[in-house]
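**Q** fold the following, please.
(chains A and B)
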Amino acid sequence: MIALVDCNSFYASCELVFRPDLIGRPVVVLSNNDGCVIAANKEAKALADIPMFQPVFKIKKELIANKVVFFSSNYTLYGEMSQRVVNILKTFSSKVEVYSIDESFIDLSTVPHEELETFGHQIKNTIYRLTGLPVGVGIAKTKVLSKLANKMSKKIPNKNHVCVINSDDDRVEALKWSPVTSIWGIGKKHSERVIAIGVATAYDFTQLPLAWVRKEMTVVGECIWRELRGESVMEFITEPKKKKAIGTAKSFGKKLESLDIIEEACSYYVGEVAEVLRTQNSCASAIHVFLVTNFFSMRDKQYSNSITVKLAMPTNDTFVLVTEAKKALHLIYKEGYKYKKVGVNLLGITPEEYVQGNLFKIPTESKKALTKVVDELNVKFGKLKVSSALVGTRVKEWELIKEERSPRYTTQWKEILTLKDK
Amino acid sequence: MDFLLIFGIYPYFCIMEIFSHGKVKKLERQHMPEVSKQTGFPSPATHYMEPKISLEQELVTNNDATFYVRVDSNALEEFNILKNDVLIIDRSLYPKKNSLVMVVIDGEFKVIRIELEAKEKEVTLWGVITYVIHACK
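**A** The predicted structure follows:
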């Protein structure tokens, strides 16, 4: 059996662990640079007249009127709390697949069937006791079914956040309960298709002929179909796959016009992604750079462009990547616009050991050694403390404004929780 | 138990339960490879090297349940906790008689000592205080 453990309103819950004064109030977390609502607690979601997950400027008035509490995203905190949850899960099972920052699959094949429900409650209670984070646990024979069980654990009140699909009767009942639109892995387009032919529930979907599913919905559809019927076909992945593309793009703290500051931001992002590349021992063979103005702004002229440059040779060297990214940026930059965002994506990612030296460009060991020293220094002294001079030092001008960010309670001595006398 | 400790803040209200799972794991000491780094005589200490004492190893039993809290006033003097002290709080522990604990009362953090006398009172436990770090400045 497989359990899917996921944290309820994870980002908001992380904030509330350290802010019990806000319990019961609607809380939302905003995306980088406070663009959009990306997380909302139960109380905030209950404000049905406010469309959540929208650009904040559109709903700011309503949010304030309803006394919603805002937080800028504090990924340092969320990432650390997530790690705690994963570590605790590892005390329950030797096989844990970390699926996302707030969801993990865990293998429960050694737990006797009749003890599954108790076990689920133990997981839930232990995580809550140790970290203060509420979780839901769905247990079933396959991943897709455990995802469904997890959903039921939250939606059906008497389940108390733990739901086990144990027998075949349970399974059929669960399938009949779930609308086809909320099956994990079936996108909007496909669910519209099957609804058009009269499929309403997950159960109806499993009654479709396999040949039809395979033909209309490819192997992905087939996989879900089988999993819903109790046949486990999705593997347990305990090691993350090496990424095929790595990228980053963030909005600037304020609109930027001049090329040299945008260049610095761009170089900074290249530095970030190149570091990821090196930790997974791969190289990128192309780099994609894009630049956009703020499309929500009515007053400003709009422009966006992107460019992909193939590198002479796959590399993970920040210095080479920064130089190439800057050349690319020069090609797409146009004067006279107020830019909102620059992004870089590294493409064509191949393992380092497969990289063949180009006749004219032989990889130099000394450069590699330099990069290694830089990475080590950064681990020791903090993110991107040492970098190419091209990155510049005006980080503050374009980096995200983190206005309402909560303290990094668990990673910075200067920001730990304070007990005030009242 | 007379003293009713409600575990958790929200959304689950459940009375303390004791589980055998999720047991506290001691921090593992790193094993050092036994290689002498001296160029002349090999060090006679080679096979006796151990990692240096670390405070965390002594003060933290369950990393994943441990949080640090700084005290901003002298209001807790009765517990020998002074301004600027840092509390080490372990959420994995169950409070015993006389345990110093951090609780939440009406949405506010408070430090109290657990007394198992006939007292009916409901508070929400946040964590058990295991150590107080005090600077002798």
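**Q** B:Gly40 falls within a strand, correct?
**A** No. Under DSSP: H, G, I helix; E, B strand; the rest coil, B:Gly40 sits outside any strand and is assigned coil.
**Q** phi and psi next, for it.
**A** With angles defined as degrees, to the nearest 10, B:Gly40 sits at phi -90, psi -110.
**Q** burial count for it?
**A** The local packing of B:Gly40 (other Cβ atoms under 10 Å in any protein chain shown) involves 6 other residues. C-beta coordinates here come from the backbone N, C-alpha and C atoms, glycine included.
**Q** tell me the contacts of it?
**A** Neighbour list for B:Gly40: empty [criterion: Cβ atoms under 8 Å, 6 or more residues apart in numbering or on different chains].
**Q** quick check: it vs B:Tyr48, distance?
**A** 19 Å (Cβ to Cβ, to the nearest Å).
**Q** which ones are touching B:Ala75?
**A** B:Ala75 neighbours (Cβ under 8 Å, 6+ apart): A:Asp421.
**Q** that one: what secondary structure?
**A** Going by three-state DSSP: B:Ala75 is coil.
**Q** before we move on, what about B:Val132?
**A** Secondary structure, three-state DSSP: B:Val132 is strand.
**Q** pull the residues that contact stretch A:176-192.
**A** A:144, A:147-148, A:151-152, A:194-195, A:199-205, A:216-217, A:220-221, A:223-224, A:228.
**Q** just the buried members of those residues?
**A** Neighbour counting by 16 or more other Cβ atoms under 10 Å in any protein chain shown classes A:144, A:147-148, A:151-152, A:194, A:199, A:201-205, A:217, A:221, A:223-224, A:228 among the contacts of stretch A:176-192 as buried.
**Q** what's the neighbour count on A:His288?
**A** Around A:His288 there are 19 residues (other Cβ under 10 Å).
**Q** that one belongs to a helix?
**A** No. Per three-state DSSP, A:His288 lies outside any helix segment and is strand.
**Q** so where is chain A shaky, pLDDT-wise?
**A** Within chain A, the segments meeting pLDDT under 70 span A:32-34, A:48-49, A:52, A:242-243, A:354-368, A:370, A:374, A:378-404, A:422.
**Q** one more time with 50, if that's ok
**A** Within chain A, the stretches with pLDDT under 50 are A:396, A:400-402.
**Q** tell me which stretches of it form helices.
**A** A:10-18, A:42-45, A:56-65, A:75-89, A:116-131, A:143-155, A:168-177, A:188-196, A:202-206, A:210-228, A:259-279, A:318-332, A:365-381, A:395-398 (DSSP state H).
**Q** from the contact counts, what lies against the fifth one?
**A** In this case it means helix A:116-131. Secondary structure elements in contact with helix A:116-131, counted by 3 or more Cβ pairs under 8 Å, 6 or more residues apart in numbering or on different chains; DSSP states H and E, are strand A:2-7, helix A:75-89, strand A:135-140, strand A:162-164, strand B:5-7.
**Q** out of the ones you listed, flag the one nearest B:Asn84.
**A** When the helices and strands packed on helix A:116-131 are compared by Cβ to Cβ, helix A:75-89 sits nearest B:Asn84, at 23.0 Å.
**Q** the closest one: which residues count as buried?
**A** If you call a residue buried by 16+ other Cβ under 10 Å, then helix A:75-89 has these buried ones: A:76-78, A:81-82, A:84-89.
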